[in-house]
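Sequence plus predicted model, see below.
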Amino acid sequence: METVTPFKEIIDVIKEKGGDSLKYCYQCGLCDSVCPWNRVRQFSMRKVVRQGVFGLTEIEQEEIWRCSTCGTCPSRCPRGVNQIEAGIALRTMGAEYDVYPGHVSTIRNVVASLTSEGNSIGGERAKRGDWAKELPVKQYEEGMEALYFTGCYLSYDPRMRKVAQATATILNKAGVKFGILGNKETCCGESIRKTGNEELFKKLAKENIRNFIDNGVKKVIVSSPHCYHTFKNEYPEFMVNFEVVFISQLIEQLINEGRLTIKGEFAKKVTYHDPCYLGRHNGVYDEPRNVLKKVPGLQFTEMADNRESALCCGGGGGRIWMETPKEERFADLRLRQAVNAGAEVLATSCPYCITNFTDSSLDLADDEKVEVKDLTEIIAEVI
């Protein structure tokens, strides 16, 4: 039996979570026309918005969980409707009642892992810093130039650990005095917040903020656009501000300052994918491209749907934790765009994107294989 939430409660939650802009929607349907879901299946954000306006949403409805929060529809909306905030408000009802339909039920496991171990993928908290065991990486101490906040995927996932190690190699090569928090580091909380679990987000955020302050952290380097977004735009809600720098921004700065020298060649044709939370949500487009174009031998090419129009990988909004049928994966479409651009390497700067693209690349024919790399992995090879 579906759980129908009372009209007034839904409307109040939507307003409280910043979704009051729904009332400005005049149902033009532009959100549907730009939504990546409609490249793989039928989906109507306009319908979700309409239901929210009239308080008709059933919290067991799978449609409110489809949004990957890619930011495409609010960036194009002629009326300034923030569909993302409204959608999160509706998900809040599910989180509060512990009602998750079908494939969304995996979020319960994520919540348990975040609560007990401080990460989203079930790793032991004590092993969060193990990726750096064989590297000259120190525990952060007050007075260091910056804290490197590794993030969950780069700390535990075997594939993504290579990105953390490449990043540490670059920072050490440039003489950046940095450290990590190791087992004191906790998930930034961005993605669980997008599933509507505001209480757990606040718990995780406060734990990180307390550790930052206790250790005298002033500058934070991050490798995940999701960490970048929440530290930069959401943690200030707690009346704190830290300088937050994304790794591609820092690499360009280090090269321009002469602290990092590129010596080798990377003789391949490379395209770059703009992660939603780095590009559309935070406007970082030029720095990663500038870095790639400084690499000798690298031939840069753009895919279709680049920069502001970049196609989402499908991992945002907590969907990285949900099973998506193969025929509905945005990442497959994006890999095809990389193939059509003639790229040998698809470079990006997001653990969710790399995870999804790596899975999708397994289905490519042998004569059209595209290697998926983080930007830091390319730079670590040529310094």
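Arrived safely.

tell me which helix or strand of the chain sits lowest on mean pLDDT?
Of all helical and strand segments in the chain, the minimum by mean pLDDT, DSSP states H and E falls on helix 7-16, at a mean of 59.

Would you mind identifying the next helix or strand past it?
helix 30-34 (DSSP states H and E).

average pLDDT across that following helix?
Helix 30-34 carries an average pLDDT of 83.

what helices or strands is it leaning on?
In terms of contacts (3 or more C-beta pairs under 8 Å, 6 or more residues apart in numbering; DSSP states H and E), helix 30-34 is packed against helix 45-54, helix 72-76. All C-beta spots, glycine's among them, are computed from the backbone N, C-alpha and C.

Those helices: lowest mean pLDDT?
helix 45-54 - the lowest mean pLDDT of these, at a mean of 70.

and stretch 224-236, which residues are buried?
Ser224, Pro225, His226, Cys227, Tyr228, His229, Thr230, Phe231, Lys232, Tyr235 (16 or more other C-beta atoms under 10 Å).

so where does the residue nearest to the spatial centre of the chain fall, helix or strand?
The structure's the chain has its C-alpha centroid closest to His226; by C-alpha atoms, centre = their mean the separation is 3.8 Å. Using DSSP H and E, His226 falls within helix 225-229.

likewise Leu147?
strand 146-149.

Show me what whichever helix or strand comes after that strand is packed up against.
Counting by DSSP H and E, the next helix or strand C-terminal to strand 146-149 is helix 152-156. Using 3+ C-beta pairs under 8 Å, 6+ apart as the contact test, the elements touching helix 152-156 are helix 158-173, helix 351-361.

Deepest in the core, which of the ones you listed is it.
With neighbours taken as mean count of other C-beta atoms under 10 Å, those reach their highest mean count in helix 351-361, at a mean of 23.

Show me what that one is in contact with.
Contacts with helix 351-361, where a contact means C-beta atoms under 8 Å, 6 or more residues apart in numbering, come from 151, 153-154, 157, 159-160, 163, 223-224, 226, 273, 275, 313-316, 320, 329-332, 334-335, 346, 348, 369-374.

among these, which ones are buried?
151, 153-154, 157, 160, 163, 223-224, 226, 273, 275, 313-316, 320, 329-332, 334-335, 346, 348, 370-374.

Turn the helices and strands packed on helix 152-156 into a markdown table, columns for mean pLDDT and distance to Phe242.
Output for those, formatted as a markdown table (pLDDT from 0 to 100; distance: least, C-beta to C-beta, whole Å):
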| stretch | mean pLDDT | distance to Phe242 |
| --- | --- | --- |
| helix 158-173 | 98 | 18 |
| helix 351-361 | 95 | 21 |
